[in-house]
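**Student:** Provided below are the primary sequence and the corresponding predicted coordinates.
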Amino acid sequence: MTFVLRSIVLIALLLPTVTLAGYQRNQAVPVQQVIYGEVISVRQISTQELQQDRHSGWKTFGGALIGGVIGHQFGGGSGQDVATVLGAIAGAGLAANRYPDTRIIEQQLIEMMIRLEGDQQQVMVVQDWDPTMAFQAGNTVRVVYLQGGQVRVDNAM
């Protein structure tokens, strides 16, 4: 039973649950207002996010374990004990240095300047890049204002 519980916790930690938009595309979200507009300019940008690796302790422990097992193969008596300890220290050091505990995640974004219909006001929207929605200058789009102050741009239907 504990193996199943540990597996569930591990899967929950590894699954990404937060999106840049704050909601999943297949999730129903209340809409406050929809305004149509024309795309003036489009620019693809990216953001880099530095993320701390939560599993660095396990990597170091694994390196120490493997190093200890290898070190235990050498010597005899107290010399074998010393080789085991030195192997564990070397393995832990190699694992900690080989696999750093931070990594950089790059997110692709799209920045759009849109002229809204009616009052001709211009707004700039930055949202996550979706390869299935290509935007170009001159396209008619709908600017969807969601509850919570979020804005989403989609192709007009």
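**Tutor:** Yep, it's here.

**Student:** now the one helix or strand D154 maps to, how far from the chain's geometric center?
**Tutor:** In this structure, D154 sits in strand 151-155 according to DSSP states H and E. Remark: strand 151-155 is offset 22 Å from the chain centroid, using CA atoms, centre = their mean, to the nearest Å.

**Student:** Use 34 as the first number from now on
**Tutor:** With 34 as the first residue, the last one maps to strand 184-188.

**Student:** Contacts for that strand next, please.
**Tutor:** Residues outside strand 184-188 that contact it (CB atoms under 8 Å, 6 or more residues apart in numbering): 54, 145, 147, 156, 158, 160, 166, 168, 172, 174-179. Where you see a C-beta, it was placed from the backbone N, CA and C, and this is true even at glycine.

**Student:** Strand partners (parallel or antiparallel) of that strand?
**Tutor:** Strand 184-188 pairs in its sheet with strand 173-179 (antiparallel), by DSSP bridges.

**Student:** Show me what counts as buried in the strand it pairs with.
**Tutor:** V174, R175, V176, V177, L179 (16 or more other CB atoms under 10 Å).

**Student:** thinking again about what came up before, where does confidence bottom out across the contacts of strand 184-188?
**Tutor:** By pLDDT, A54 ranks lowest within these, coming in at 47.

**Student:** quick one: average pLDDT of the top helix by length along the chain?
**Tutor:** In the chain, taking DSSP state H as the definition, the longest helix is helix 111-131. Across helix 111-131, the average pLDDT comes to 81.

**Student:** Could you measure from the closest residue to G126 other than its chain neighbours over to H105?
**Tutor:** Spatial nearest neighbour of G126, excluding adjacent residues (CB to CB, 6 or more residues apart in numbering): G96 at 7.6 Å. Using CB to CB, to the nearest Å, we find G96 at a distance of 15 Å from H105.

**Student:** With M166 instead?
**Tutor:** Distance from M166 to H105, counting by CB to CB: 58 Å.
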